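# Okay, structure incoming, though there's no sequence with it:
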Ligand code: CMP
């Protein structure tokens, strides 16, 4: 991948939109574009950090696990999201693992390039802070969900969070395996299956082709 191609990719990243040509050029010199297949661990919890990653296409999950191997999914990242900034900023080990859910394209930016860019650009510092604040807001909502909602409410919350508006309807477009939902809400896969069946029988959700799911408006009653 040439320097010119790296620059072209970096220019399209919202996080870097405040950087001038010279800064993009410096960053591109310390960047690599990479593709990983589904199921690949990009960063591992507890390991030292070398790079910041920007997701150009595809989806990846942010996950932590305990000493017995039990896993919790903290977030699912999509195109334009960045990760790996936490340990670059505080020099602590990686706070979580990031694993691809499908084939993904990334830009990886070397630690030194990222840090020197933060020193040079107040706008970029603000953009990183904005991304981290958005994550804190999402984490706050997740704590509220886990503390206050029953398992039906938790499943409803995940389905609503992953849904998009399509022709005036709310649709979960990407297949969401029950095991993945279970890891997001601290429940067993069997429990999630029972809840999903119940939601379907009662007409809150309607399965569609290719694993898509139509959500009826009344599903919001579980989270209010
Ligand atoms: P770092 O700790 O370097 O490596 C793991 C990365 O996962 C972390 O940086 C963040 O970029 C990302 N991450 C950690 N916690 C969350 C979260 N709650 N939501 C979204 N991303 C997260």
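Done, it's in. Predicted model, so just to flag it, every value in this text is computed and none were measured. Residues are numbered from 1 along each chain as shown.
# May I see the buried residues of the helix or strand harbouring residue 197?
Residue 197 is part of helix 189-201 when elements are defined by DSSP states H and E. The neighbour-count criterion (16 or more other CB atoms under 10 Å) identifies 191, 192, 194, 195, 196, 199 as the buried residues of helix 189-201. For the C-beta atoms, the positions are set from N, CA and C on the backbone; glycine is no exception.
# Let me know the closest of those residues to the ligand.
Sorting the buried residues of helix 189-201 by distance to the ligand puts residue 192 at the head of the list, at 20.6 Å, by CB to the nearest ligand atom.
# Give me the contact list for the helix holding residue 197.
Contacts made with helix 189-201 from outside it, assessed by CB atoms under 8 Å, 6 or more residues apart in numbering, are listed as 151-152, 155-156, 178-179, 181-182, 185, 187, 205-207, 219.
# distance between it and the chain's centre?
Relative to its chain's centre, helix 189-201 lies at 24 Å (CA atoms, centre = their mean, to the nearest Å).
# what's the following helix or strand after that helix?
If you walk from helix 189-201 toward the C-terminus, the next helix or strand you reach (DSSP H and E) is strand 205-207.
# Name the residues of the longest helix seen in the chain that are buried.
For the chain, the helix that runs over the most residues, judged by DSSP state H, is helix 122-148. Taking 16+ other CB under 10 Å as the neighbour-count basis, helix 122-148 is seen to contain the buried residues 124, 127, 128, 131, 135, 142, 145.
# Next: stretch 174-185.
For stretch 174-185, the buried set under the neighbour-count rule, 16+ other CB under 10 Å, comprises 176, 178, 180, 181, 182, 183, 184, 185.
# again with stretch 210-224
Within stretch 210-224, the residues that count as buried by 16+ other CB under 10 Å are 213, 215, 219, 222, 223.
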